[in-house]
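>>> No sequence on hand, only this structure:
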């Protein structure tokens, strides 16, 4: 049953997307340091002080955290995972297994049960039973 492998690939793809998003959020947070901020007028007026170059700090922190390198690597991984997922989806769509066909119809093509029933030649009740089995197999695989 290829749909179980497909679900595993999809899960890994989404995990990689989350990692990519986390790194982008980190970069965004650093970049927001460079944006102009309003003056605070509620404190004591002070003359002088140390002038900080905020953009240099941003570049230094970005370099220390290797954000650009990490983004480049995770983007390459994400593209590879996307390719694997599309290959597995193609394999799943070409499968002759009934459960794989029902999985494709319901979860990829978003078909209604009565349409799947007509397409596969099973009763709607049998389709519901098979969908329950499919969901059970997916959940069982997630627990491993």
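Cool, the structure landed. Note that the structure is predicted; figures quoted are calculated from it, not measured.

>>> Show me the shaky parts of the chain.
In the predicted model of the chain, residues 36-52, 142-144 satisfy pLDDT under 70.

>>> Could you chop it up by domain?
Using automatic domain parsing, the domain parsing of the chain gives 1-35+52-95, 96-144.

>>> Could you work out the end-to-end span of the longest one for me?
It refers to domain 1-35+52-95. End-to-end distance for domain 1-35+52-95, by CA to CA, to the nearest Å: 9 Å.

>>> picking that back up, now the domains of the chain as a markdown table including mean neighbour count?
C-betas here are computed from N, CA, C, even on glycine. As requested, those are arranged in a markdown table below (neighbours: other CB atoms under 10 Å):
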| stretch | mean neighbour count |
| --- | --- |
| domain 1-35+52-95 | 14 |
| domain 96-144 | 15 |
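
>>> Longest helix of the chain, counting residues only.
Counting by DSSP state H, the longest helix found in the chain is helix 2-32.
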